[in-house]
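Participant: With the sequence up front, the predicted model follows.
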Amino acid sequence: MKKLLFLCLFGLAAAVTYAGGYRVSLQGQRSLAMGHTGVAVVNNAELAFFNPAGLVYLEDKINMAVGASAVFSEVVWQNDQFGETYRTDSPVGTPFYAYFSYRMNDWLSLGLAAYTPYGSTVEWPTDWSGSHLVNNIDLKAIYIQALASVKITDNLSVGGGPIYVTGGVNFNRNLNRTLTDLEGNRSNVTVDASGVSAFGWSASAMYKPTERLTLGLNYRSEIMMDAEGGEADFENIPNSPLTPFEDTAFDASLPLPAELSVGVSYQLLDKWLLAVDYNRTYWSVYESLDIDFANPNIPDSQNARNYKDVATYRFGMQYLANEMFTLRVGYYYDESPVQSGYFAPETPRNDAHGFTGGLSVNVNEKLSIDAAFLYNRYKEVDESYNYYSEDGQNVPFEGSYKTSAFVPGLGLTYKI
Amino acid sequence: MKKYYKYIAVVLAAGVLSCEPELETPVDEMGTYSNGEADFSNYVALGNSLTAGYADGALYITGQENSYPNIMAQQFALTQETNDFTIPYTNDNTGGLLFGGNVIAQNRYVLAVGENGEPGPARYTGSQPTTEVLNTLDGPFSNMGVPGAKSYHLAAQGYGNPEGVPTGMANPYFARFATSASTTVIQDAMMLNPTFFSLWIGNNDVLGYATSGGTGIDQKNNTEPSTYGPNDITDPNVFNLVYSGLVETLTSTASGGALVNIPDVTSVPYFTTVPNNALVLDGETAANLTGFFQAVSQVFAGGLMQQGVPQDQAMALAAQYALTFEEGPNRFVISVEPSDMNPLGFRQMTQEELLLLTIDQGALAQGYGSVRLTPEVMQVLGVLQSGGQPTEEQVNTLFGAVAGIEDADVLDAEEIENIKDATAAYNQAIAAIAEANGLALLDANSLLTDIAQNGYNFDAGTVTSTFATGGAFSLDGIHLTPRGYAIVANELIKEINKTYNSTVPQVNIGNYPTITLNNEVN
């Protein structure tokens, strides 16, 4: 058992597969434990992400919440026609969040937030069967946001603020299925862009029609990450005028799509809280991943994605056990934005069932420890990516995929 | 408090347990594919260069990795526990061999772009060969493919004796990994106690003859192989006897095996790339050549009659030299052994005759295969046209201008017949032996003919036998590319599955490379 645990924690590990596309829904341990609901839950500073309008309802003057998750995830791919099997061997992902709010007066709270709602780390074995599509990818984006939360009436508030995003991407794939240098080393390209920045915003509202019932709405804008002048590094290129690949600069754009959340929560018998959220993520903006190389001799790389808008349905429940403990459970159903025939192994994702749980331990009046876990269940899926071509002919990359993800997380809530 | 820790521990353990995704029918676990009635636990491959993974005129590491036996061994391993398939790897990807520091086999071919911008095969010169024959490996190996081996070599003692290499009595490739100076290929193979084998031998029993342009001897009815030269055709009875013996030895331990028969030379680009009618002429040149050969015919007839040959007889004999040429493609002229029927020793090629890939294309452009119309020749033609009598010297100039293609560059009809007869006889023997022993048989003859005629479809198009660009054949025009070898592996797997009720999966041939680009060629 111990050995198995060790293997699982350190040997295997993480692709990022706990939400559709490269969305990473791990923006607060308390919310996560309740199925990542929160747009209509007034609980702690996690509101900075889920619904800034709610910050003004927090009782204390200063509210802080910080936390991080460890993402253990693995994808297995196989093609039973040819007897091929490969498993990802990705590093453990560690998305984090840090929220802070300060109540200026009875109707205004200000806040700061940093969180990582998008990202992806997938490492397939180098030169695996799908290496012409991806060997490895590491996509990072950190959101930093200034917030204001304004109470308009006693039961209605609005909130939001500007978002600054900084991020980067590192992506490696082989040029095609067979090109090698004289020594048989596969020709490949790494595109790397770091320090890419962009701006966006979020806006939200919260309405409390009764003491027990809360409604919430949050919208976060689409942010287009334009990587300009990134570095493309070509390796193991045959020494031949027929393969004029050499290191060059590249431009590429990657959308971080907009997301709309609406939700409701209900306080039941003092000790129970029920929450339901609906998220809609506007993935259809991600039509194609196009990499334009500066060197005119190098053909640009166009990779159809054709994502669709998707929804996530979230359910959560909280129980105040006693002074010290609060228990939470949740479930969500997460639709994948990837359409059939566009199933690329760089984001090998199908619909997921998320099962969550967790608890808070109130160490004292001011400090709580928040723990949560997430287990994602994916169906085995037979899928293909049909838009890779050789000599003008599309060559599907197909197989059975199965993903698993287990995400334990810890956080702290502090209030004065 | 303790209670909660217990819950946390349970939750974490459950999560961790579930962290490795499991497919419903995982192909990397035993049970998905079946070895049927075959036992692949110890597979040994015997054969020649095709079995060794020889390609681009050389043996080198990536070629060996992509040999069809190695491809098959990896697929066999999906059906049952198997021993590692061991390979006598060369030292580099340059190709070529050293013997005592001297280069005895050349570097591989690569596809290089010449100064004219045209890609073509050229020997790689980026580095020297580093595979020293005398640095012997600890054999035997699962892949016992020995480049250059003929059928009877597999049972020939001393075939791997390093001391025999300089005199041509032994094979340098086998000398690298033979377990002793006196051992045979089959003896070494049997040391591995094969449970399954493949045997693809006999190609060189006709190929040496074919690639030499038929300069060797057809040894039909000579049952003593020790008297054969390297370019001779092995007697089919010898082949049958040797082959039966090999299979008898192999089946003494093996649960089963697969045989591969001998392809037709006319399905191999080495013999089909240079068309025999590549003599493309404009109208004026065609007329000039026709006039030239008319003159040759007339002068020859005149000469015969001077020697007292009756006119009609002389005219009849001389008529064969009045070759006519047309605007457009014409068949080349080849040299043949002068005979009573053909005293001048040349004729035009017939439709089925073949030119070898290695023929000097530059020379062809300069008149090799037709006539070298020098000013002296034109002068003689002028003399003839004005009704003058040529001197003996002028006659010699005229006849000497005919530049027939040498025997070594061409397979003529008789030579092709010899090759086809021997190939058919070998294949008949192989089929009978496969049948008698219940072994799988791949009809490589039909397979390569089919690829040459129709191609072989895969997920990114069609593999053809077209030289350099077709995908099946490497840059030496005889041996296959990794993709070509993958096709052989797949077709062999099909036959093995049929014979042994196994379900060994094939490979995706689109994942296997073809030819290598490189411009380090001087």
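Facilitator: Nice, thanks for sending it over. Predicted model only: the values in this text are computed from it and were never measured.

Participant: Pull out the buried positions in the host helix or strand of B:N396.
Facilitator: Using DSSP states H and E, B:N396 maps to helix B:392-400. Neighbour counts over helix B:392-400 (16 or more other CB atoms under 10 Å in any protein chain shown) mark B:394-395, B:397-399 as buried. For every residue, glycine as well, the C-beta is placed using N, CA and C.

Participant: Same question for stretch B:403-412.
Facilitator: B:403-407, B:409-412.

Participant: do the same with stretch B:310-318
Facilitator: For stretch B:310-318, by 16+ other CB under 10 Å, it's B:314-315, B:317-318.

Participant: The residues you listed into JSON lines, with extra columns for pLDDT and secondary structure?
Facilitator: Listed next are the buried residues of stretch B:310-318 as JSON lines, based on pLDDT from 0 to 100; DSSP: H, G, I helix; E, B strand; the rest coil:
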{"residue": "B:A314", "pLDDT": "92", "secondary structure": "helix"}
{"residue": "B:M315", "pLDDT": "92", "secondary structure": "helix"}
{"residue": "B:L317", "pLDDT": "93", "secondary structure": "helix"}
{"residue": "B:A318", "pLDDT": "94", "secondary structure": "helix"}
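
Participant: With pLDDT and distance to B:Q307 added, can I get the buried residues of helix B:392-400 in TSV?
Facilitator: Below are these laid out as TSV (pLDDT from 0 to 100; distance: CB to CB, whole Å):
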residue	pLDDT	distance to B:Q307
B:Q394	90	18
B:V395	90	13
B:T397	92	20
B:L398	92	17
B:F399	92	15
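
Participant: Just put those in TSV and tack on distance to A:A344.
Facilitator: TSV is the format used below for the buried residues of helix B:392-400 (distance: CB to CB, whole Å):
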residue	distance to A:A344
B:Q394	77
B:V395	77
B:T397	73
B:L398	72
B:F399	71
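
Participant: show me where the stretch 351-500 of chain B has helices.
Facilitator: B:361-365, B:375-385, B:392-400, B:413-437, B:444-454, B:482-500 (DSSP state H, counting those that start in this stretch).

Participant: Of those, which is nearest A:E46?
Facilitator: Counting by CB to CB, A:E46 lies closest to helix B:482-500 out of the helices of the stretch 351-500 of chain B; the figure is 55.1 Å.

Participant: Sketch out the low-pLDDT regions of chain B for me.
Facilitator: Where chain B drops to pLDDT under 70, the residues are B:1-19.

Participant: okay, now the domains of it?
Facilitator: B:40-273+B:414-511, B:279-410 (automatic domain parsing).

Participant: tell me the most buried of the ones you listed?
Facilitator: When the domains of chain B are scored by mean count of other CB atoms under 10 Å in any protein chain shown, the highest mean neighbour count falls to domain B:40-273+B:414-511 (a mean of 20).

Participant: Any figure for the gap between B:G95 and B:P119?
Facilitator: For B:G95, the distance to B:P119 equals 19 Å [CB to CB, to the nearest Å].

Participant: That should have said A:R220, apologies.
Facilitator: For A:R220 relative to B:P119 (CB to CB), the value is 54 Å.

Participant: What of A:N386?
Facilitator: 31 Å.

Participant: wait, doesn't B:G256 sit right on B:E37?
Facilitator: Yes. Judged on CB atoms under 8 Å, B:G256 makes contact with B:E37 at a distance of 7.1 Å.

Participant: okay, and the common contacts of those two?
Facilitator: B:Y500 (CB atoms under 8 Å, 6 or more residues apart in numbering or on different chains).

Participant: hmm, back to that, please identify which of the buried residues of stretch B:403-412 is nearest to B:V206.
Facilitator: Taking the buried residues of stretch B:403-412 together and measuring to B:V206 by CB to CB, the closest member is B:L411, at 11.0 Å.

Participant: Which strand residues bridge the closest one?
Facilitator: B:L354 (DSSP bridges).

Participant: Identify the residues contacting it.
Facilitator: Going by CB under 8 Å, 6+ apart, the list of residues near B:L411 reads B:210, B:213-214, B:265, B:271, B:353-356, B:419.

Participant: export those residues to JSON lines and tack on distance to B:K220?
Facilitator: Converted to JSON lines, the contacts of B:L411 look like this (distance: CB to CB, whole Å):
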{"residue": "B:A210", "distance to B:K220": "15"}
{"residue": "B:G213", "distance to B:K220": "19"}
{"residue": "B:G214", "distance to B:K220": "14"}
{"residue": "B:V265", "distance to B:K220": "17"}
{"residue": "B:F271", "distance to B:K220": "21"}
{"residue": "B:E353", "distance to B:K220": "21"}
{"residue": "B:L354", "distance to B:K220": "21"}
{"residue": "B:L355", "distance to B:K220": "25"}
{"residue": "B:L356", "distance to B:K220": "23"}
{"residue": "B:I419", "distance to B:K220": "12"}
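
Participant: which residue sits closest to the closest residue to chain A within the stretch 201-350 of chain B, ignoring its sequence neighbours?
Facilitator: Residue nearest to chain A within the stretch 201-350 of chain B (CB to the nearest CB): B:A258, separated by 18.4 Å. Take B:A258 and drop its neighbours on the chain: the residue closest to it by CB to CB, 6 or more residues apart in numbering or on different chains is B:A440, 3.9 Å away.
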